[in-house]
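Q: no sequence on hand, only this structure:
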């Protein structure tokens, strides 16, 4: 029998709203910019290969900053780090808007990425610590909404801005969110009770941040000709994985005071949620690579048209999230995640059979259903990792889950891009997308099985 949901403290709702306002710019920024690369290359008089570093530099900066979020909170307090990260993102956004050439824009994007890398795990940490995991599903259904809608609405917003305004407005739109988020955080968020002076685990940082940079950089190159056999894919991937292994060994020996406590992977909710965030990153973000390309390459729509055709998926996501949040609080994460992944898998299958003349209205209806599943799965996954954790463990769990989701998304995009390119090169035409979509279905099927490891019920953070 489902447990009766407890009312949410109004103060927690206020904190969540303040954090959400600040996070909006960070979450939407990546996908908004992705549609503008060709425009940026033309206006800044450079090639697409160079301008691609606008996205790659941002991604790598995230990898550097994410591991620092836990130490920063312990050393300076969550409120101060959040405000500093917002300020950093604001400075980076303004610098992007004023960039005069490709190198200056890339450097500004790195500054943005450093701010965003601190904010993303800290967002989850501050929410969980404020709620104690009570009513967390319902709160996360609101706070994580931009994360789910970013890949869907970002390209549409970016396309509309490029159609009506100069590309610099892609970055100016971040400024109001950053300023409002900074002021509200200063007025509303409570100062952390910081005790002592947390020492930075320099060895851990030297191992983990370059490891993430290597892995993310290698995966970002895998979509080019040659796939995973390229030197600029294999070398950084192998170096990155070796550094991860060294970090794990070092951290297990160090114990307390480690940059990120990987011992939390012994806790079933943490490892199961992290594994599923990796798989969901692969299936959701990999799918978001395939769907726009299907609409453009097979059906002949332009980038904006393809983005608009993905809107039904966003509508489905909006409809299911609040229900998923209430169900996660009442019946637990396991059942909600299993149901959500099954819906995603079933709604992806029609695209594995779609061709050049498949009814568009049918596919748009299927996208609504797929969106329902996407909205359902993210809530239990973003809450389950914190079940039964001590308050001091929450920042480490936030970093671990954010890292696995980031790498999972990059891996899924890279793998599906390689599969799609191989099928196209082999002359399969529109059928090339069928193969890639079947792989996306496969990721989802594995996620259904792993979902059985999630906890059945929620338990407050102590």
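A: Looks like it arrived, so ask away. Remember, it's a predicted structure, so these values are computed and weren't measured experimentally.
Q: what bits of the stretch 151-300 of the chain have low per-residue confidence?
A: 151-152, 193-197, 282 (pLDDT under 70).
Q: so which residues of it form helices?
A: 169-172, 174-188, 202-221, 231-254, 268-280, 286-293 (DSSP state H, counting those that start in this stretch).
Q: next, the buried residues of the lengthiest helix in the chain.
A: Taking DSSP state H as the criterion, the chain has its longest helix at helix 394-425. By 16 or more other Cβ atoms under 10 Å, the buried positions in helix 394-425 come out as 394-421, 423-424. Placement of C-beta: from N, CA and C, glycine included.
Q: nearest to residue 41, out of the helices of the stretch 151-300 of the chain?
A: For the helices of the stretch 151-300 of the chain, the distance to residue 41 is smallest for helix 169-172, at 14.0 Å, taking Cβ to Cβ.
Q: just give me how far the closest one sits from the chain centre.
A: Here helix 169-172 is found 21 Å from its chain centre; the criterion is Cα atoms, centre = their mean, to the nearest Å.
Q: which residues does it contact?
A: The contact list for helix 169-172 (Cβ atoms under 8 Å, 6 or more residues apart in numbering) reads 29, 32, 33, 36, 93, 94, 96, 97, 158, 161, 162.
Q: those residues: which two are farthest apart?
A: Across the contacts of helix 169-172, the longest distance by Cβ to Cβ is 19.4 Å; it joins 94 and 162.
Q: what strand or helix carries residue 328?
A: Remark: residue 328 resides in helix 311-331, with elements defined by DSSP states H and E.
Q: next, the angle from the very next helix or strand once past that helix to helix 311-331.
A: Downstream of helix 311-331, the next assigned helix or strand under DSSP H and E is helix 333-353. Angle of helix 333-353 versus helix 311-331, following axes from the mean of the first three to the mean of the last three Cα atoms, to 10 degrees, is 160 degrees.
Q: which parts of helix 333-353 are buried?
A: Across helix 333-353, burial judged by 16+ other Cβ under 10 Å covers 333-345, 347-348, 350-352.
Q: mean confidence score for it?
A: Per-region confidence: helix 333-353 scores 91 on mean pLDDT.
Q: now stretch 87-102
A: Stretch 87-102 comes out at a mean pLDDT of 93.
Q: same question, stretch 66-84
A: The pLDDT scores in stretch 66-84 average 89.
Q: for it, measure first residue to last.
A: Taking Cα to Cα, to the nearest Å, stretch 66-84 runs 14 Å from one end to the other.
Q: residue 75 contacts residue 198, correct?
A: Yes. The pair residue 75 / residue 198 is scored as a contact, 4.3 Å apart, by Cβ atoms under 8 Å.
Q: out of the contacts of helix 169-172, which is nearest to residue 178?
A: Nearest to residue 178 among the contacts of helix 169-172 is residue 93, at 6.6 Å by Cβ to Cβ.
Q: spatially nearest residue to that closest one (excluding sequence neighbours)?
A: Closest residue to residue 93 apart from its sequence neighbours, by Cβ to Cβ, 6 or more residues apart in numbering: residue 174 at 4.0 Å.
Q: try residue 61
A: Distances taken as Cβ to Cβ, 6+ apart put residue 113 closest to residue 61, at 2.7 Å, once the chain neighbours are dropped.
Q: contacting residues for that neighbour?
A: Per Cβ under 8 Å, 6+ apart, neighbours of residue 113: 57, 58, 59, 60, 61, 62, 64, 65, 92.
Q: which of these fall within helices?
A: Using DSSP H, the contacts of residue 113 in helices are 57, 58, 59, 60, 61, 62, 64, 65, 92.
Q: how far away is the last one from residue 32?
A: Going back to what we said before, that points to residue 92. 14 Å (Cβ to Cβ, to the nearest Å).
Q: what do you get for the third one?
A: Taken as Cβ to Cβ, the spacing of residue 59 relative to residue 32 amounts to 15 Å.
Q: the first one too?
A: Between residue 57 and residue 32 the computed distance is 16 Å (Cβ to Cβ).
Q: the fifth one now?
A: Residue 61 sits 17 Å away from residue 32, taking Cβ to Cβ as the criterion.
Q: which one's more surrounded, the two?
A: Each of residue 61 and residue 32 has its neighbours counted (other Cβ atoms under 10 Å); residue 32 has more, 25 against 21.
Q: helix or strand for that one, which one?
A: helix 10-34.
Q: show me the domain layout of the protein.
A: What automatic domain parsing lists as the domains of the chain is 1-197, 201-258, 261-462.
Q: show the contacting residues for the closest residue to residue 416 other than its chain neighbours.
A: Using Cβ to Cβ, 6+ apart and skipping residues adjacent in sequence, the residue nearest residue 416 is residue 286, 4.3 Å away. Each residue near residue 286 by Cβ under 8 Å, 6+ apart is listed here: 409, 412, 413, 415, 416, 439, 440, 443.
Q: do residue 122 as well
A: Neighbouring residues of residue 122 by Cβ under 8 Å, 6+ apart: 69, 72, 73, 78, 81, 82, 85, 395, 398.
Q: looking at these, which is nearest residue 225?
A: Closest approach between the contacts of residue 122 and residue 225, by Cβ to Cβ: residue 69, at 36.2 Å.
Q: is it true that the closest one touches residue 81?
A: Yes. When contacts are counted by Cβ under 8 Å, residue 69 is listed as touching residue 81 (7.1 Å).
Q: which one of those two is surrounded by more residues?
A: More crowded of residue 69 and residue 81, by other Cβ under 10 Å: residue 69, with 28 against 24.
Q: next, the angle helix 394-425 makes with the helix or strand hosting that one.
A: Assigned by DSSP H and E, residue 69 falls within helix 68-76. Taking the same axes, to 10 degrees, one finds helix 68-76 and helix 394-425 inclined to each other by 160 degrees.
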